[in-house]
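K.L.:
Predicted model and sequence follow; I will ask about them next.
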Amino acid sequence: MTEQSPFANERDQALGVELRAALDTADTEAFVARLKAAVADAGAETSWDVLAAWAPQGLVAAVVAATLIWLVGLPAVRSAPATPLASAPIQIEVAPSQPEAVVITVAIMEGR
Amino acid sequence: MLARRAASGDGDAFGILVERYGAPARRVARAILGMDEDADDAVQDGFIAAWHAIARYDPTRPFRPWLTRIVANAALDLGRKRKVRHTVSIPEHTASGTVRPDRATDHTLFRERLRFALEELPERQRIAVTLFDAEGYSHAEVAEVLKVPEGTVRSYVFHARRALRRALGAFKEDAP
């Protein structure tokens, strides 16, 4: 290991040899064999794998969207007009006696 | 050529790249995480991630820094997740000059001291000096791995060497 300027391009060969020796162990070949097997087992990623990885997020997004639609749509359903008294005029016509005021009012409001 | 073949999905070509770069990648991961099984896990995670991302590799650019960056990131991520701060304990007799081991043992102790000194360095200095001096990367390649300017890499290497030299100086003085 020799003193060098920070602008020097040369490698410190002695330090390099010692660093490699310090970071290597005798089981390197076995490790590389295990690594190769692990990579082979992992296989290449297909487009289906990519889609599958996004599936949970997609599912959550779908649930959130469905909930929002339901929440926004609910007030509209609640404020929808009740079933009209479609038979009101008939009730008026066929009533044996004078129809009640409410029946007449409903018939007028419905424009009949 | 191998990297180009691998980029087109050739598993055999990637297998050869694993054989070629597995050991250097392990040394880089060990420089980051220490002599720990975590380093092996990080290398495996990194290679699998690289294989899955191989379609995104640009074959006009050098393969080695691309792969090393992925492995180094896997090691850094694992280090952050597991909060690993591995410390190699130095046998007590290496610190004092009272025991005079034979040359083989002396060399083993020197390497233990070197590993310890390396782990004491800031993370980026560790990576830079390992890639530049041990693995033969150019300053530009190290800069690509670390995503810093070349001048910064030179500074990292310079300071790392100086710290290692200082840490190992006392050992050399004690050596027979």
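P.N.:
Nice, thanks for sending it over.

K.L.:
make it CA atoms for all contacts and neighbour counts henceforth
P.N.:
Noted.

K.L.:
Show me the shaky parts of chain A.
P.N.:
A:1-7, A:44-54, A:76-99, A:103, A:107, A:110-112 (pLDDT under 70).

K.L.:
Grab the nearest non-local neighbour of whatever residue of chain A ends up closest to chain B.
P.N.:
Proximity to chain B, evaluated over chain A using CA to the nearest CA, is greatest for residue A:16 at 3.8 Å. Of all residues not flanking residue A:16 in the chain, residue B:134 sits nearest, at 3.8 Å (CA to CA, 6 or more residues apart in numbering or on different chains).

K.L.:
roughly how far apart are that neighbour and residue B:155?
P.N.:
According to CA to CA, to the nearest Å, residue B:134 stands 17 Å off from residue B:155.

K.L.:
for residue B:121, same thing?
P.N.:
Noted for residue B:121: a distance of 13 Å to residue B:155, by CA to CA.

K.L.:
Would you mind telling me which of those two has the busier surroundings?
P.N.:
Set residue B:121 next to residue B:155 and count neighbours by other CA atoms under 10 Å in any protein chain shown: residue B:121 wins out with 19 against 16.

K.L.:
correct me, but that one touches residue B:160?
P.N.:
Yes. Look at residue B:121 against residue B:160 with CA atoms under 8 Å: they come within range, at 6.8 Å.

K.L.:
Domain-wise, how is chain B divided?
P.N.:
With domains defined by automatic domain parsing, chain B comprises B:2-82, B:95-174.

K.L.:
residue ranges of the helices in chain B, please?
P.N.:
Residue ranges of the helices in chain B, as given by DSSP state H, are B:2-7, B:11-33, B:37-52, B:63-82, B:92-95, B:103-120, B:123-129, B:139-146, B:150-174.

K.L.:
what's the answer for chain A, then?
P.N.:
A:13-23, A:28-42, A:47-78, A:88-94, A:101-109.

K.L.:
Please convert those helices to TSV, extending it with mean neighbour count.
P.N.:
Output for the helices of chain A, formatted as TSV (neighbours: other CA atoms under 10 Å in any protein chain shown):
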stretch	mean neighbour count
helix A:13-23	18
helix A:28-42	16
helix A:47-78	11
helix A:88-94	15
helix A:101-109	13
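
K.L.:
Using TSV, lay out those helices together with distance to residue B:44.
P.N.:
Below are those laid out as TSV (distance: least, CA to CA, whole Å):
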stretch	distance to residue B:44
helix A:13-23	17
helix A:28-42	6
helix A:47-78	19
helix A:88-94	79
helix A:101-109	77
